Structure formats: C-alpha cells, structure tokens
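Enquirer: Model the structure of this input:
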Amino acid sequence: MKHVDIFSDGSCSGNPGPGGWASILKYGRHEKELCGGESNTTNNRMELTAVIEALNALKEPCDVCITTDSKYVVDGITLGWAEKWKQNGWMRTKKDPALNPDLWDALLSAIDKQNSCEFIWVKGHAGHPENERCDKLAVEQSQKLKDQ
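Expert: Predicted coordinates:
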C-alpha cells in the first residue's frame, strides 16, 4: 500500500474574509503542492478544505499521514466529534448546530476512501518546514483575493 504524507494549512484575512488553503502531498521522491482560496470564508473552512482537497487528489486508496496546525481538524477527527455530529444530524448539542457540516461530511467521505488516515498536530509558526510552506501558500492565496 502506498504511503502518502500530507501537510496542510488554511489562512483567512479577517474571519470571515478572503481566505486561502494549501497542501503538500509527498510520496517517495514525489511532491505536489495544491492551493486555492475563497473570497468570503473562515479560517476553519480553509483548514478543512486544505485536507479535503489533498485527500481528493489521491488517485487510489493509500495509507495517509496528515500533518496540520489545526486543532479544529485534528480534534474533530481523532476525538470523534465529526462522526458524532453527523450521527446527531450535524448538531453538537440539542440546541447547538455543528459549524461547517458540508466540509466535515466531505472530509469524512474523503477519509473513508483511504486505506488509513493518521492525523498529527504541529504547532503553527514554529519552524516546521512543510507547515511553514503551506502557511506561505495559503496566505498568498488569501492576499490575492483581498487585493481584488
């Protein structure tokens, strides 16, 4: 089974505001960068989008290790929050809806297509090379939209 390392980050200029996302996929000696943005979004939506886009870029099921500085993404998956919210009709509590249900649902679907997915949290802006690169790309995307 192929092993792919994914690194991701999201950025938003204002929250909400113009945002960007970026991912780096590494397989052996191969590396691919993906990035994009939205004109009116939130940081958490961009963090989720970065992981979803990276997973959807894979052409076959793989063993995947996802490294991100987003506790929102990591905890949402590893602590089972997203699965629980989905089971509860995208409600966090009886009165409190989960935010970004469309993206959480897309992320759960993308994960299900893989052989395995491990999530690792890293501190942002702490010198992790791939996280720093993703941050730079994501900020560039949000700035492009801000300058329009």
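Enquirer: mind listing what Cys12 touches?
Expert: Under the criterion of C-beta atoms under 8 Å, 6 or more residues apart in numbering, the neighbours of Cys12 are Pro18, Gly19, Gly20, Thr41, Thr42, Asn43, Met46, Ser142. (Each C-beta comes from the backbone N, C-alpha and C, glycine too.)
Enquirer: nope, Thr68 is what I meant
Expert: Phe7, Ser8, Asp9, Glu47, Ala50, Val51, Val74, Phe119, Ile120, Trp121, Val122, Asn131.
Enquirer: Let me see the ranges of the helices in the protein.
Expert: Using DSSP state H, the helices of the chain run over 43-56, 71-78, 81-87, 101-112, 129-146.
Enquirer: Point out the most buried one among those helices.
Expert: Mean neighbour count (mean count of other C-beta atoms under 10 Å) peaks for helix 43-56 among the helices of the chain, with a mean of 24.
Enquirer: Would you mind checking the average pLDDT for that one?
Expert: For helix 43-56, mean pLDDT rounds to 98.
Enquirer: And for that helix, what's in contact with it?
Expert: Contacting residues not belonging to helix 43-56 are listed as 6, 8-12, 15, 19-23, 25, 34, 36-38, 64, 66, 68, 70, 72-73, 99-100, 103-104, 106-107, 110-111, 113-114, 117, 134, 138, 142 [C-beta under 8 Å, 6+ apart].
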